[in-house]
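**Student:** A structural model of the following input is requested.
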Amino acid sequence: MPAASDTTSESGYNVEHVHVYIDNAHLWMHEPRLYFTRDGCWEWNPLWRFDAGRLQAILEQESGLEITKSPYSFHYYLHGPAPPVDTIWGDPSCDVHPGQRPDFINAQITADSVTTAVSASFDETRNTFIIVSGDAGLSAAVTRIQKCGYPVHVWSWRSGLTAKHDEGTVQVHFLDDHFARLVSCDTTFCVDPTALSPSSLVVLDPLPHADKIQDCVAKLRAPVYQYAVADPRPKTSSQDLVITPAFQAHNWGADGSGDDLQATKMQLEGCGCAVLTYTEYVQQHCEDGRGKLVVSNQFKELPASLWHADYEDDGAEANGHDSAACPERYV
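**Tutor:** I've put the predicted structure just below:
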């Protein structure tokens, strides 16, 4: 990743570049633990959700940057699963990496951040680095960035901080302290069809086949999100169900050939379900060409998948988290 070039503001001061690396996967795993633990209730509540877009103001205002004294230019690098309802993923000013498995995210952030730091050190630009993840796998990146002479801020949920940083040199901030500003209660989302993978499926009137649908989804090799279409079609018993890949750049062809979801589509049709691709559904049933999605009361937003297994195997037990204590939403 090329380093940001040195620029000068109208006031004549060199602009300081702030590079923000967000591990959205890590945040999704640990935010629910915080919420349910804090309220002493381990029941799934779909009203509370984490939105990476709400991080921007927090990071820019609460990291101790003297923005009033020096001009800053922020560069955002987002890694992990990209929920179609997250406000930051479609921002063209962000460098987005939505198609990576959890076990590759740390390596990608480390490579990108260290490359940027080394390149910037040769250019003698002013830089600050913000790592939004408490994962111990990023400790090496923090150390190498510091060796380039740049300050590093680490933001994390308390429950997700497994890295041991020298607080004398690394400034650690806790997202818990800004919980009310970070979470959202929105349950209805207007979604551009282009924001979803072309492999996404829509099961028409799914409730009569709920058990069969969940059995098929549980067999998928990669994680998916599930949302309901907000407006029920006439003469149906339930809202139509959207099943969309969590990792957009997974090796799933747009035409469905060799597609994990295509096999699921065939299985569901064999069980008597009516299934369309999301593109077909929007064309046939959405007058404005856009679909409005909601969190479903019958189907979990993030069902059981490799997504959960990867994180539990790679870090949860080692980090002192009991997998049995994970809320139902993530089990």
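
**Student:** how much space is there between Tyr225 and Ile243?
**Tutor:** Note on Tyr225: its distance to Ile243, by Cβ to Cβ, to the nearest Å, is 8 Å. (Glycine included, C-beta is placed from N, CA and C.)

**Student:** between those two, which one's more packed in?
**Tutor:** Higher neighbour count among Tyr225 and Ile243: Ile243, with 26 against 23, using other Cβ atoms under 10 Å.

**Student:** so the more buried one touches Ser199, yeah?
**Tutor:** No. With the criterion set as Cβ atoms under 8 Å, Ile243 and Ser199 do not qualify as a contacting pair; they are 9.3 Å apart.

**Student:** residues shared between the contacts of these two?
**Tutor:** Overlap between the contact sets of Ile243 and Ser199, as judged by Cβ atoms under 8 Å, 6 or more residues apart in numbering, is given by Leu261.

**Student:** In the stretch 151-300 of the chain, mark out all the strands, start to finish.
**Tutor:** 152-156, 170-174, 183-184, 188-191, 201-204, 224-229, 241-245, 274-277, 291-294 (DSSP state E, counting those that start in this stretch).

**Student:** Walk me through which strands the last one pairs with, and which way each runs.
**Tutor:** Spelled out, it's strand 291-294. For strand 291-294, the pairing partners within the sheet under DSSP bridges are strand 188-191 (antiparallel), strand 224-229 (antiparallel).

**Student:** now the fifth one
**Tutor:** Strand 201-204 has the following sheet partners, assigned by DSSP bridges: strand 241-245 (antiparallel), strand 274-277 (antiparallel).

**Student:** I'd like to know how many residues surround Leu182.
**Tutor:** Using other Cβ under 10 Å, Leu182 has 20 neighbouring residues.

**Student:** For Lys147, the count of nearby residues, please.
**Tutor:** 12.

**Student:** picking up where we left off before, point out the most buried one among the strands paired with strand 201-204.
**Tutor:** Across the strands paired with strand 201-204, averaging neighbours per residue (mean count of other Cβ atoms under 10 Å) puts strand 241-245 on top, at a mean of 25.

**Student:** got a list of contacts for that strand?
**Tutor:** Applying Cβ under 8 Å, 6+ apart, the external contacts of strand 241-245 come out as 84, 196-197, 199-203, 206, 213, 217, 222-229, 252, 261, 264, 278, 281, 291, 293, 296, 299.

**Student:** Pipe the strands of the stretch 151-300 of the chain into JSON lines and attach mean pLDDT and distance to Ala111 per row.
**Tutor:** Compiled in JSON lines, the strands of the stretch 151-300 of the chain are given as follows (pLDDT from 0 to 100; distance: least, Cβ to Cβ, whole Å):
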{"stretch": "strand 152-156", "mean pLDDT": "94", "distance to Ala111": "16"}
{"stretch": "strand 170-174", "mean pLDDT": "92", "distance to Ala111": "20"}
{"stretch": "strand 183-184", "mean pLDDT": "70", "distance to Ala111": "31"}
{"stretch": "strand 188-191", "mean pLDDT": "70", "distance to Ala111": "32"}
{"stretch": "strand 201-204", "mean pLDDT": "94", "distance to Ala111": "34"}
{"stretch": "strand 224-229", "mean pLDDT": "86", "distance to Ala111": "27"}
{"stretch": "strand 241-245", "mean pLDDT": "88", "distance to Ala111": "24"}
{"stretch": "strand 274-277", "mean pLDDT": "93", "distance to Ala111": "35"}
{"stretch": "strand 291-294", "mean pLDDT": "77", "distance to Ala111": "34"}
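
**Student:** any weak-confidence spans in the stretch 1-150 of the chain?
**Tutor:** Segments of the stretch 1-150 of the chain classed as low confidence (criterion: pLDDT under 70) are 1-13, 28-51, 67-69, 81-90, 92, 98-102.

**Student:** can you give me the helices for it?
**Tutor:** Using DSSP state H, counting those that start in this stretch, the helices of the stretch 1-150 of the chain run over residues 24-39, 55-62, 102-123, 139-147.

**Student:** wouldn't Leu276 be in contact with Val282 here?
**Tutor:** No. No contact is recorded between Leu276 and Val282 when judged using Cβ under 8 Å, the distance being 9.2 Å.

**Student:** what residues are shared contacts of the two?
**Tutor:** Common neighbours of Leu276 and Val282 (Cβ under 8 Å, 6+ apart) do not exist.

**Student:** Please tabulate the strands of the stretch 151-300 of the chain in a markdown table, including the columns distance to His17.
**Tutor:** Rendered in a markdown table, the data for the strands of the stretch 151-300 of the chain read as follows (distance: least, Cβ to Cβ, whole Å):
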| stretch | distance to His17 |
| --- | --- |
| strand 152-156 | 14 |
| strand 170-174 | 17 |
| strand 183-184 | 29 |
| strand 188-191 | 33 |
| strand 201-204 | 42 |
| strand 224-229 | 33 |
| strand 241-245 | 33 |
| strand 274-277 | 41 |
| strand 291-294 | 36 |
